[in-house]
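Student: output the structure for:
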Amino acid sequence: MRSTAANPDAAEGITPRVTPAQGLQQSATLAWRTIVQIRHNPWELGDYSFQPILFVVLFTYIFGGAIAGSTGDYLRITLPGIIVMNMFFVTMYVGTGLNTDLTKGVFDRLRSLPIARWAPLAGRIAADLVKHAWSVFLLLGVGYLMGFRVETSVLELLAMVGLVLIFALAFSWISVLVGVLARDPEHVQLFGFTVLFPVTFVSNVFVPTETMPGWLQPVVEANPVTILSDAARGLLVGGPVAEPVAWTLLWAGGIMLVFAPISVLALKRKV
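Tutor: Take a look at the predicted model:
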């Protein structure tokens, strides 16, 4: 009785009000919870590490000479593109992790705590952005060992990383929606393979657009994967950046405007 009287909100089943600052702190704590799990399960970083490294090594040494004449020239084309392609694939782990938390009841337990209602989702997305950054710098390190060199400034390199993370944040909302709607984590992964593979491969990640059939080139040029790849190449090895960066930001803003409210509404109905 005394605890009920001292905390009338608890008696009425109302979550205590949380300030935005407290919500951000709680989101950071939950993000750290997700990241620290890697210490107990290092293989969780495997998909963020092994797969993109395999793509860089295999495509460079198998196709590099045939497409660009040398592996060094091909790295200048494909490494920025693989960084972008990898971002699209690993973003789906936001949906996989969210779906796992939803199906196992973890998300319900988190939301029953006196924390901001948006903190569990924000923490999940923030943790995956950290993993994205890890993947980008890992690929740059592997590329350096293979002969790739950043031909622009440090500021442009950081701008490339920031641009990729901005798009990853926007695309995470599509992953969130898939994670909420899918029956289990396997269906989230199935979406990634069946939808993202065609989208990422019908781009200029691996080959120049002008080498493709004429009817396919407009599709490739309009593909956000191509646009972001062009921006990444320009920021890393030089070339036009203003137009691809502007279009990338427009794509990111449009995706967020469309999918963020839909994803939040679907999540509210789910829980």
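Student: strands along the stretch 101-250 of the chain, start to end?
Tutor: Assigned by DSSP state E, counting those that start in this stretch, the stretch 101-250 of the chain shows no strands.
Student: which parts of it are helices?
Tutor: Shown for the stretch 101-250 of the chain, the helices assigned by DSSP state H, counting those that start in this stretch span residues 106-111, 119-146, 154-181, 185-191, 197-201, 217-222, 224-237, 242-270.
Student: go through those helices and pick out the most buried.
Tutor: helix 224-237 (a mean of 24; mean count of other CB atoms under 10 Å). C-beta: built from backbone N, CA, C; applies to glycine.
Student: and the gap between residue 31 and residue 89?
Tutor: 21 Å (CB to CB, to the nearest Å).
Student: residue 189 too?
Tutor: Separation of residue 189 from residue 89 (CB to CB) stands at 10 Å.
Student: show me where pLDDT drops low in this structure?
Tutor: Screening the chain residue by residue with the criterion pLDDT under 70, one finds the ranges 1-16, 41-45, 47, 107, 111, 271.
Student: among the helices of the stretch 101-250 of the chain, which comes closest to residue 50?
Tutor: Distances from residue 50 to each of these were compared using CB to CB; the shortest belongs to helix 119-146, at 10.1 Å.
Student: by how many degrees do the closest one and helix 242-270 diverge?
Tutor: Here helix 119-146 points in a direction 140 degrees away from that of helix 242-270 (axes from the mean of the first three to the mean of the last three CA atoms, to 10 degrees).
Student: which helices and strands does helix 119-146 pack with?
Tutor: Applying 3 or more CB pairs under 8 Å, 6 or more residues apart in numbering; DSSP states H and E, one finds that helix 119-146 makes contact with helix 20-40, helix 46-68, helix 71-103, helix 106-111, helix 154-181.
Student: can I get those helices in CSV including distance to residue 230?
Tutor: Rendered in CSV, the data for the helices and strands packed on helix 119-146 read as follows (distance: least, CB to CB, whole Å):
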stretch, distance to residue 230
helix 20-40, 31
helix 46-68, 16
helix 71-103, 9
helix 106-111, 38
helix 154-181, 11
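Student: out of the ones you listed, nearest to residue 119?
Tutor: Closest approach to residue 119 among these is made by helix 20-40 (4.1 Å; CB to CB).
Student: flag every buried residue along that closest one.
Tutor: When burial is assessed from 16 or more other CB atoms under 10 Å, helix 20-40 yields the following buried residues: 23, 26-27, 30-31, 34-35, 38.
Student: run a quick check on residue 150 versus residue 236, I expect a contact.
Tutor: Yes: under the criterion of CB atoms under 8 Å, residue 150 makes contact with residue 236 at 5.5 Å.
Student: shared neighbours of the two, anything?
Tutor: Common contact partners of residue 150 and residue 236 (CB atoms under 8 Å, 6 or more residues apart in numbering): residue 157.
Student: picking that back up, dump the helices of the stretch 101-250 of the chain to CSV, plus distance to residue 79.
Tutor: Below are the helices of the stretch 101-250 of the chain laid out as CSV (distance: least, CB to CB, whole Å):
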stretch, distance to residue 79
helix 106-111, 37
helix 119-146, 5
helix 154-181, 11
helix 185-191, 25
helix 197-201, 15
helix 217-222, 19
helix 224-237, 8
helix 242-270, 16
